[in-house]
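**Q** pasting the sequence and the predicted model now:
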Amino acid sequence: MYEAYYSLEDPPFVLTPDPRFLLRSKGHHEILATLLYGITSQKGLMALVGDVGTGKTTLCRALLRELPDNVQSALVLNPHLSDADLIGTILDDLGVERRGTTKGELMATLSQYLLAAGSEGKTVLVIVDEAQQMSVESLEQIRILSNLETATRKLLQILLVGQPELEEKLKLNELRQLDQRIGIRSYLQPLPRKETYRYVEHRLRVAGLSGAVPFTRGALAKIYKYSRGIPRVINLVCDRALMAGFSNRVREITPTLVTSAVRNLEGGRQGRNRYVRMWSPAGGTRRTALLVGAVGALVLAGAAAAYWGAALNLGGLRAGLHAKPPQVAAVSSSALSPAAPTPVPAPSMAQPSVPTTPPAVTSAAAPPTLDRPGDRPVLTPTADAQRQLMTRLLALWGVQDAAPDRAVPPWPANPDGSLDIAGVATRYQLSATFLPATTLSDLRAIGLPALVELSDAAAGRPYLLRWIGGETATLVAPSGEEARFALDSLDPAWTRSAWVVWRNVDQLPLDPWRDLTPTVLTTIGLRLQKLGYLSPPVPPSYDGRFQVAVRRFQRAVGGLQEDGIIGPRTAMALSRVVGGRFNPTIVEGGAQ
């Protein structure tokens, strides 16, 4: 009813498990990557446990979309099946004709099919939803199915999906053999506070919202307080709040409207929230800190003109100045990354950092990566200019309320007063990578907005690289003024260093000296396979076939060194391509 009023194309908060609406938070991505690794490496039995409304079914739907082409799947939605019906349902979902009606006959049919599929290099996956409701006898039948194997591999991969009661049932003495066979256990938790805010915006963006999010920061805080990060409850509250806003003909959803929506859901019921029951594997509750922000302050036009005036004094640099209001697109993104590697100290803006070991991976929880010892970060001018540009850059990533003067706590800074870019990015679950010796061709290949500086002053002047084409590039000043420069004039005028802020959804490694974990290797392999650069199966190690696939990707992107190594530039380019329309791009025309 309210979709047209809020400029939406689809209902944003439906309760159906549509994988388009899955927000790839760190926890979600960790689970997806782990399950994909378990399936492709033939782990056999796996379990996914999460409380009511946390999005287990939606995650399973997303998992099915991520499966490589050589994996066939069956989804069992009815847990109340007899042994024979369970096997028959699996055969039906796999498209295999039943031969017989008894359990023995159906098992023989399934076994023959699995042997044939295995000989062709195929993997068969069965997902059983609501597994906590299965009888002990049916769960014992799952154990028997997991025994279908050859001397070298499991013929059937089984994922049990259920509520915490599944864990309790597996502890029963008669199910101890099944419990011991589960090789991977994943636990889906409610969203933390910041992820709840991102979840609401993500669903609105997927539903077609192009402008500002209608929910105020206070309204989002109240939604989290009531829902405790449980997606189903978030959907219920947001849907009712938008309906209340539509009924009152207001564009902004305030805390008052959220309170009204909650009362409507409760039906006048007083006391404890009927929808929320907190659970975690350790039995604890989730607590997160409140993050409050606001949009960055405007800068006077006179300051903007002075800023550009110094840049335009560079002889022959300007190809044309087109002063116009900044066009900052609010773009939502999906992110789920595995646990970050051990961070290294961030290099200071005042003094260069000289690492004695190869640099560590830059991630959403780690400082920036340097390409070689002794590299010095850029952006040494005034902290104000850095902060204004960072606010604009974060807005391109969908962080609309980021502002250094309103952040609690304030944005981190280096000892010399300059902005800690990696620290700020981490606060918004983004990564920041410093490229000390790069080219405009590199930045075009990476395809993501970057913070650069021109060497027209002793301290340099920072800009945001917003667009780049074959002959020109557009830079944005801290004031928001845009100017277009010819590449052949810009190339000798900048410092050849840049900061790139990005979302490392797959926890891609940025350090070529660092070994790839099996999970990360599988994730990258599946991405390359989906993009058409790697044929199945995914190699178990970083072998020659894997390197050839990486070189194919590097060649297709253009501008990257075709070395077959997942270094910083290749990792960021791959992340940009995988993110698709949910990532901002600097390629003119919006090409990905």
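**A** Perfect, I can see it now.

**Q** next structured bit after the helix-or-strand element of the chain with minimal mean pLDDT?
**A** Every helix and strand in the chain was compared by mean pLDDT, DSSP states H and E; the lowest is strand 318-320, with a mean of 41. Next in sequence after strand 318-320, counting helices and strands by DSSP states H and E, comes helix 383-396.

**Q** which parts of that following helix are buried?
**A** Across helix 383-396, burial judged by 16 or more other Cβ atoms under 10 Å covers 383, 385-396. The C-beta positions use only the backbone N, C-alpha and C, and glycine is treated the same way.

**Q** right, and the helix or strand after it?
**A** Following helix 383-396 toward the C-terminus (DSSP H and E): helix 421-427.

**Q** okay, now residue 530: neighbour count?
**A** Neighbourhood size, residue 530 [other Cβ atoms under 10 Å]: 15.

**Q** would you mind measuring from it to residue 158?
**A** Distance from residue 530 to residue 158, counting by Cβ to Cβ, to the nearest Å: 24 Å.

**Q** low-confidence ranges in the stretch 351-500 of the chain?
**A** Across the stretch 351-500 of the chain, the ranges flagged by pLDDT under 70 are 351-382, 400-409, 456-460.

**Q** mind running it again at 90?
**A** Counting by pLDDT under 90, the stretch 351-500 of the chain contains low-confidence ranges at 351-388, 391-392, 394-420, 422-431, 436-438, 453-462, 469-471, 477-497.

**Q** what about residue 120, neighbour count?
**A** Neighbours of residue 120 using other Cβ under 10 Å come to 7.

**Q** what's the answer for residue 217, then?
**A** By the criterion of other Cβ under 10 Å, residue 217 has 18 neighbours.

**Q** residue 483 reaches residue 472, doesn't it?
**A** No - taking contacts as Cβ atoms under 8 Å, residue 483 lies outside contact range of residue 472: 10.2 Å.

**Q** how about the nearest residue to residue 444 once chain neighbours are set aside, phi and psi?
**A** Residue nearest to residue 444 in three dimensions, not counting chain neighbours: residue 468, with 5.1 Å by Cβ to Cβ, 6 or more residues apart in numbering. When read as degrees, to the nearest 10, the backbone of residue 468 gives phi -150, psi 130.

**Q** could you do residue 571 as well?
**A** Dihedral angles (degrees, to the nearest 10) for residue 571: phi -60, psi -40.

**Q** ditto for residue 265
**A** Dihedral angles (degrees, to the nearest 10) for residue 265: phi -70, psi -40.

**Q** in the stretch 51-200 of the chain, which spans are helices?
**A** Secondary structure of the stretch 51-200 of the chain (DSSP state H, counting those that start in this stretch): helices at 56-66, 83-94, 103-119, 136-146, 164-170, 176-181, 193-206.

**Q** which of those helices sits closest to residue 555?
**A** Of all the helices of the stretch 51-200 of the chain, it is helix 56-66 that lies closest to residue 555, at 24.8 Å by Cβ to Cβ.

**Q** can you list the buried residues in stretch 202-216?
**A** 202-207, 209, 213-216.

**Q** and it, how far apart are its ends?
**A** Here the two ends of stretch 202-216 are set 15 Å apart, with distance taken as Cα to Cα, to the nearest Å.

**Q** the residue lying closest to residue 155 once chain neighbours are set aside: what's it in contact with?
**A** Counting by Cβ to Cβ, 6+ apart, residue 114 is the residue found nearest to residue 155 once chain neighbours are left out, at 3.9 Å. Residue 114 is in contact with 124, 148, 155-156, counting by Cβ atoms under 8 Å, 6 or more residues apart in numbering.

**Q** inside strands: which ones of those residues?
**A** Among the contacts of residue 114, the members found in strands (DSSP state E) are 124, 156.

**Q** nearest to residue 566, out of the contacts of residue 114: which one, please.
**A** Using Cβ to Cβ, residue 124 is the member of the contacts of residue 114 that lies nearest residue 566, at 30.1 Å.

**Q** pretty sure that closest one is touching residue 116, no?
**A** No - using Cβ under 8 Å, residue 124 makes no contact with residue 116, being 10.3 Å away.

**Q** counting neighbours, go ahead and name the busier of these two.
**A** Neighbours around residue 124 and residue 116, counted as other Cβ under 10 Å, are more numerous at residue 124. The numbers are 22 against 11.

**Q** quick revisit: so if I had to pick from residue 483 and residue 472, which one is more boxed in?
**A** Neighbours of residue 483 and residue 472, each counted by other Cβ under 10 Å, are more numerous for residue 483; the result is 20 against 17.

**Q** helix, strand or coil for the more buried one?
**A** Here residue 483 is recorded as strand under DSSP: H, G, I helix; E, B strand; the rest coil.

**Q** for it, name its beta-bridge partners.
**A** With DSSP bridges as the criterion, residue 483 is bridged to residue 475.

**Q** element containing residue 565?
**A** Counting by DSSP H and E, residue 565 is found in no helix or strand.

**Q** count of residues packed around it?
**A** Residue 565 - counted by other Cβ under 10 Å - has 16 other residues nearby.

**Q** what of residue 537?
**A** Applying other Cβ under 10 Å, we find 17 residues neighbouring residue 537.

**Q** surely it meets residue 121?
**A** Yes - counting by Cβ under 8 Å, residue 537 touches residue 121, with 6.3 Å between them.

**Q** find residues that contact each of the two.
**A** By Cβ under 8 Å, 6+ apart, the residues touching both residue 537 and residue 121 are residue 70.

**Q** helices and strands around the strand or helix carrying residue 545, which ones?
**A** Element membership for residue 545 (DSSP H and E) is helix 544-557. Applying 3 or more Cβ pairs under 8 Å, 6 or more residues apart in numbering; DSSP states H and E, one finds that helix 544-557 contacts helix 518-530, helix 568-579.

**Q** which residues does the longest one contact?
**A** Contacting residues not belonging to helix 518-530 are listed as 33-34, 36-37, 40-41, 66, 68-69, 338, 506-509, 516, 534-536, 538-542, 546, 549-550, 553, 566, 574, 578 [Cβ under 8 Å, 6+ apart].

**Q** one more time with 6 Å, if that's ok
**A** Helix 518-530 has contacts (Cβ atoms under 6 Å, 6 or more residues apart in numbering) with 33, 36-37, 40, 68, 506-507, 534, 538, 549, 578.

**Q** and the buried ones among those, selectable in ChimeraX?
**A** To isolate the buried members of the contacts of helix 518-530 in ChimeraX, using 16+ other Cβ under 10 Å:
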select :33,36,37,40,68,506,507,534,538,549,578
